[in-house]
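# make a model of this:
(one chain, ligands or ions: 1)
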Amino acid sequence: MPKNQQVILKQHPEGEITADHFDVIQAELPELKPKHFILQNHFLSMDAGFRQWMNENAGDGYLPGMQIGSAIQSIVIGEVVESDNDDFPVSSIVLARTAWEEYSLLDGGDLCSLLEVDPEMELYHYVGVLGTTGLTAYFGLFDIGQPKQGDTLLVSTAAGAVGNVVCQLGKKAGCRVVGMTGSDEKCDWLKTEIGIDATINYNANPLCDQIARTCPTGVDIFFDNVGGSQLDAALQNISDNARIVLCGAMSQYENNSPEPIYNSWPLITHRARAEGFMFSDYQAQYPAAIKELADMMKSGSLKSFVNIYEGICSTPQAFSDMIGGTNRGKCLVKLI
Ligand SMILES: NC(=O)c1ccc[n+]([C@@H]2O[C@H](COP(=O)([O-])OP(=O)(O)OC[C@H]3O[C@@H](n4cnc5c(N)ncnc54)[C@H](OP(=O)(O)O)[C@@H]3O)[C@@H](O)[C@H]2O)c1
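A predicted model of the protein is given here:
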């Protein structure tokens with residue numbers, strides 16, 4: 001009998017995650033229920049943000065914490081292979097929040113979007129630049145960051161999936177873009193492949209001085225994927241009316257003691273605005289944004305960088321490599 005391979009949580013990580021925190025199991029294939037459909041998943045998206053919900057007692061108002069023995073929550077893209085739901089007919093392509101598994105039984109409720117796939121585009125782009133990754137960069141930068149020609153845009157985890165798209169969109173918007181990342185190799189990659197103006201290796205201290213040197217007129221927009229000490233250092237260098245886009249908190253996901261923010265005073269004296277957001281807030285605007293991003297890709301003004309792992313058994317390694325920082329751009333797993 002064919003089975004549904006799933007990647008489950010074997011134990012809650014304490015600190016750094018490794019492939020050993022997961023197991024691959026053979027579960028039963030899901031059976032179609034009324035008003036549901038079955039998605040055969042083609043690509044699993046490796047999203048750093050989900051690391052947060054793998055910790056013990058991690059649930060919050062946005063998502064429940066992941067449980068030992070359960071398949072790992074994830075964004076996926078797949079094709080409907082059985083359906084009793086008129087909104088998601090057989091053969092349609094769906095972007096969904098479901099799990100690391102080959103087949104998912106869904107009712108269309110939890111962040112399921114029917115995709116119109118552009119025949120000129122590879123399907124995997126729809127979990128990368130044209131998926132939640134690119135959409136996070138797009139809405140965070142344009143709606144909250146509100147870039148203007150000549151602004152200095154500072155981006156943390158700049159070489160990662162969301163970060164590199166923010167850098168590219170920022171350059172297109174006429175910003176001077178400065179990217180922070182964790183190694184000199186990734187700094188070189190950001191300059192040569194992404195074409196940003198300056199880089200900072202955040203491991204070379206003191207970070208605050210490095211930001212001051214590379215952003216001499218101040219930071220107009222800080223696109224923050226990290227929080228903690230990187231956010232604190234950026235706040236010491238903001239300009240008047242700066243916008244702080246609170247997108248993620250990488251420094252906190254594997255840290256049991258949240259880092260304090262000491263520098264809230266510059267937010268006041270510089271009349272700055274710090275605002276958090278979730279990509280899912282913008283679901284109604286996905287089709288128009290995806291089209292705009294796809295047009296940029298076709299014209300060559302937006303590049304897609306992917307690290308593709310093959311087969312569901314590679315998922316634990318793919319995820320821990322991505323959190324560990326080996327990726328340049330988007331990390332994903334190809335199932336079929
Ligand atoms: N608000 C939303 O709706 C939304 C949606 C999607 C993603 N996000 C957020 O966007 C951020 C990036 O996610 P992604 O999926 O694109 O991942 P990613 O940037 O491709 O990969 C994660 C990167 O984080 C860096 N990192 C790991 N541990 C760190 C630490 N302790 N301190 C500082 N940096 C660390 C590593 O890069 P370096 O080598 O550069 O350190 C690693 O490559 C995450 O914070 C995520 O939560 C938010």
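# what sits against V219?
Neighbour list for V219: T152, L153, L154, V178, I211, A234, N237, I238, S239, A242 [criterion: Cβ atoms under 8 Å, 6 or more residues apart in numbering]. (Each C-beta comes from the backbone N, C-alpha and C, glycine too.)
# would you turn those into CSV with pLDDT and secondary structure?
Below are these laid out as CSV (pLDDT from 0 to 100; DSSP: H, G, I helix; E, B strand; the rest coil):
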residue, pLDDT, secondary structure
T152, 99, strand
L153, 99, strand
L154, 99, strand
V178, 98, strand
I211, 98, helix
A234, 98, helix
N237, 98, coil
I238, 98, strand
S239, 98, strand
A242, 98, strand
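# mind checking pLDDT for E259?
E259 is assigned a pLDDT of 89 by the prediction.
# for L235, phi and psi?
phi -60, psi -30 (degrees, to the nearest 10).
# state the distance from it to K3.
51 Å (Cβ to Cβ, to the nearest Å).
# how about T326: what's its closest non-neighbour residue?
Nearest non-adjacent residue to T326, counting by Cβ to Cβ, 6 or more residues apart in numbering: N307, 7.8 Å away.
# now the host helix or strand of that neighbour: buried residues?
Element membership of N307, judged by DSSP states H and E, is strand 306-310. Buried residues in strand 306-310, counted by 16 or more other Cβ atoms under 10 Å: V306, N307, Y309.
# nearest spatial neighbour of the last one, skipping sequence neighbours?
With Cβ to Cβ, 6+ apart as the criterion, Y309 has its nearest non-adjacent residue at 4.0 Å, and that residue is A318.
# contacting residues around the one you found?
M46, N307, Y309, C331, L332, V333.
# again, only using 10 Å
With contact set as Cβ atoms under 10 Å, 6 or more residues apart in numbering, A318 has these partners: 7, 19, 44, 46, 100, 307-311, 326-327, 331-333.
# helices and strands of the protein: which one has the lowest mean pLDDT?
Across the helices and strands of the chain, mean pLDDT, DSSP states H and E gives its lowest value to strand 113-115, namely a mean of 92.
# surely I75 meets L44?
Yes - between I75 and L44 there is a contact at 7.9 Å, judged by Cβ atoms under 10 Å.
# between the two, which one's more packed in?
Using other Cβ atoms under 10 Å, the more surrounded residue of I75 and L44 is L44, with 30 against 22.
# just the element for the more buried one, please.
strand 37-45.
# may I have the strands that pair with that strand, each with its orientation?
According to DSSP bridges, strand 37-45 forms sheet pairs with strand 73-83 (antiparallel), strand 103-106 (antiparallel), strand 330-334 (antiparallel).
# the ligand: which of the ones you listed is closest?
Checking the strands paired with strand 37-45 against the ligand by Cβ to the nearest ligand atom gives strand 330-334 as the closest, at 6.1 Å.
# okay, the angle between that closest one and strand 306-310?
On the basis of axes from the mean of the first three to the mean of the last three Cα atoms, to 10 degrees, strand 330-334 is oriented at 20 degrees to strand 306-310.
# sorry, back to before: do you know the pLDDT at the residue nearest to Y309?
pLDDT, A318: 98.
# and what of the one 3 residues further on?
Turning to D321, the model gives it a pLDDT of 98.
# just the buried ones from the contacts of V219?
T152, L153, L154, V178, I211, A234, N237, I238, S239, A242.
# quick check: the residue of the stretch 51-200 of the chain nearest the ligand.
G160 (1.9 Å).
# that residue and C331 touch, don't they?
Yes - G160 lies in contact with C331 (Cβ under 10 Å); the separation is 8.6 Å.
# these two - which one has more neighbours?
Neighbours were counted for G160 and for C331 using other Cβ under 10 Å; G160 has more, 28 against 25.
# where's that one relative to G300, distance?
Distance check for G160 against G300: by Cβ to Cβ, it reads 22 Å.
# got it, and L130?
15 Å.
# can you give me the neighbour number for A294?
20.
# from E116, how far off is it?
For A294, the distance to E116 - Cβ to Cβ - is 10 Å.
# quick check: residues of the stretch 101-250 of the chain near the ligand?
133, 136, 157, 159-163, 181-182, 186, 225-226, 247-250 (Cβ under 6 Å from any ligand atom).
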